[in-house]
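*Asks:* missing the sequence, but the structure's below:
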């Protein structure tokens, strides 16, 4: 495997969009609240019946430009022998991106995807390094990352990269009818 990562333009999102964004859910982090949360919260990994979660049904790269001004976005594609195998997208200082909380010193890892056959081979870490580099060039102090309790491999990946779990929103997806918990991670760039 000979991986090359390139920063690409918005018009190359057609190629980016070809990279799958699904995974098999085998376990999840269940919230256990001690004394209604006053004594802390424990995230306990439990096995569940396997199912496939496909994020591409919810987040469509080819529609990002219809919703947001992408001038402060960075797009990266990882290639193996010229074929796109993974990608990452970051945003900072963009109106309408609520995850930024109106901060101009923070980027959001909007999307990271690795084709299933290339997972656990270091490609995600290479992309995360590019995300750090890009965010520093934009004078950001932090990278904010959203994932869910049903994406245990992503949680373990972000923890391994040095990100810290900082927010838990048990009802973030309640109106969507999803039985998932939002987990927000922060990576300090200082």
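*Replies:* In hand now; what should we look at? Note that this is a predicted model, so its numbers are computed, not measured.

*Asks:* helix or strand for residue 113, which one?
*Replies:* strand 106-114 (DSSP states H and E).

*Asks:* again, but for residue 45
*Replies:* Going by DSSP H and E, residue 45 is in strand 41-54.

*Asks:* Just the mean pLDDT for the following helix or strand past that strand, thanks.
*Replies:* The C-terminal neighbour of strand 41-54 among helices and strands, as given by DSSP H and E, is helix 64-67. Mean pLDDT, helix 64-67: 94.

*Asks:* buried set for the following helix or strand past helix 64-67?
*Replies:* Per DSSP H and E, helix 64-67 leads on to strand 73-80 as the next helix or strand towards the C-terminus. Neighbour-count burial for strand 73-80 flags 73, 74, 75, 76, 77, 78, 79, 80 (criterion: 16 or more other Cβ atoms under 10 Å). Bear in mind the C-beta positions are built from the backbone N, C-alpha and C, glycine included.

*Asks:* quick one: contacts of strand 73-80?
*Replies:* 1-10, 12-13, 15-16, 19, 64, 84-91, 94, 110, 114, 118, 123, 126-127, 130-131, 134, 138 (Cβ atoms under 8 Å, 6 or more residues apart in numbering).

*Asks:* phi, psi of the residue in the chain sticking out farthest from the centre?
*Replies:* With distances taken as Cα atoms, centre = their mean, the residue sitting farthest from the centre of the chain turns out to be residue 35, at 31.2 Å. Note on residue 35: its backbone torsions stand at phi 50, psi 50 [degrees, to the nearest 10].

*Asks:* Please list all residues in contact with it.
*Replies:* Contacts of residue 35 by Cβ under 8 Å, 6+ apart: none found.

*Asks:* Just give me how far the strand holding residue 113 sits from the chain centre.
*Replies:* The chain centre lies 5 Å from the centre of strand 106-114; the measure is Cα atoms, centre = their mean, to the nearest Å.

*Asks:* mind listing what it pairs with, with the direction of each?
*Replies:* strand 83-92 (antiparallel), strand 142-148 (parallel) (DSSP bridges).

*Asks:* what angle do that strand and strand 73-80 make?
*Replies:* For strand 106-114 against strand 73-80, the angle by axes from the mean of the first three to the mean of the last three Cα atoms, to 10 degrees is 30 degrees.

*Asks:* Show me what strand 106-114 is in contact with.
*Replies:* 19-21, 55, 59, 61, 64, 73, 78, 85-92, 97, 99-100, 123-124, 127-128, 131, 134-135, 138, 140-146.

*Asks:* After it, which helix or strand is next? Please name it.
*Replies:* Next along the chain after strand 106-114, with elements defined by DSSP H and E, is helix 123-137.
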